[in-house]
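>>> Here you go, sequence then predicted model.
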Amino acid sequence: MSERHLRIALYSHDTMGLGHMRRNLLLAETLAAAPERPAVLLISGSREISRFPLPRGVDCLSLPSLYKDSQSRYHARSLDVPVQELVAVRSTAIAAALEAFRPDVFIVDNVPRGAQHELDRALARLRQAGRTRCILGLRDVLDEPEQVQREWTRSGNVDVIRRHFEAIWVYGDAQVNDVAQEYGFPRDIASRVTYTGYLDQRGRSVADAALHPRALSGAIGAGDDAGPAASREHQARPTDRWISLVSFMGSRYDSNVNRDLVPTRSVGMVSGLGLRLQAGGDRPWLATEYDAAVHR
């Protein structure tokens, strides 16, 4: 019988943006390189996770996608089903995957109970089985303290952490932002916090491409706000060549952007960035230098 490797599962709800997924991908890459050679399962709420390069020992489970609108309401991204039914599908899939995978460690990104409390069933089963250590991973800046405290109170997060999580990893430095103090963690919850330092992204690969002298590039994250942002920048800096780096490109992005910009086409993923390249002009290209960076 072969030796059973350490097993680690990571969860990110991925209902808005790329940060949660990219953070867990970086953790998975780092963990997979450890001497123990753990088996690492990424559970993600975004189908785009399957397009990232994964090292040996890492694989992913992609859940049917949710997205959160500007009013913090959840919707099905693609499936034409009520959001409650989609959450039930996701919750069942997560619990079944963890029951079969039997992780030694389960790392949950940002939301202790998952999107729409979809982790409740899985956390209860893991606790009953008694073999898995659960860890909550937090970035060092969550939101306005009052908003975080309201949300945590409404979701019962403190009680969930007490029951299910042995540790809280904060991906930051307490000297920069003391999360436990900033967000008013109770003493017993604060005692579980470990500051890991900032995650090192220098090892991510860099795309190789030629620079056009009049290139305009816009990195627009997941793409939910891509249309208006891209149009504004193109109007402010007219050019016959435009690329936009987005992730969740689809009909909403294409219809919003392409009607206002020079003709563009999708030419695939940028290695290591997890971003698709939307290029205008006669050939695919990607700027490797820039004159200015604009963000909102």
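That came through fine.
>>> Next up, the contacts around the residue nearest to residue 186 when sequence neighbours are not counted.
Nearest-residue entry for residue 186: residue 158, 6.2 Å, with adjacent residues in sequence omitted and distances by Cβ to Cβ, 6 or more residues apart in numbering. Bear in mind the C-beta positions are built from the backbone N, C-alpha and C, glycine included. Taking Cβ atoms under 8 Å, 6 or more residues apart in numbering, we find residue 158 in contact with 152, 185, 186, 189.
>>> isn't the second one right next to residue 178, touching?
What it means is residue 185. No - contact criterion Cβ atoms under 8 Å: residue 185 and residue 178 do not qualify, at 9.8 Å.
>>> Can you point out the helix or strand that includes the residue nearest to residue 186?
Following DSSP states H and E, one finds residue 158 within helix 157-164.
>>> If you count neighbours, what's buried in that helix?
Using 16 or more other Cβ atoms under 10 Å as the test for burial, helix 157-164 gives 157, 158, 160, 161, 164.
>>> Which strands or helices does the following helix or strand past it pack on?
Downstream of helix 157-164, the first helix or strand assigned by DSSP H and E is strand 167-171. If contacts are counted by 3 or more Cβ pairs under 8 Å, 6 or more residues apart in numbering; DSSP states H and E, strand 167-171 sits against strand 133-139, strand 193-195.
>>> Parallel or antiparallel, list what pairs with the last one.
Sheet pairing here is set by DSSP bridges, and for strand 193-195 it gives strand 167-171 (parallel).
>>> Helix or strand next in line after the strand it pairs with, which one?
Sequence-wise, the next helix or strand downstream of strand 167-171 (DSSP H and E) is helix 179-182.
>>> Reduced to three states, what does residue 189 come out as?
Classification of residue 189 by DSSP: H, G, I helix; E, B strand; the rest coil places it in helix.
>>> er, residue 61 actually
Applying three-state DSSP: residue 61 is strand.
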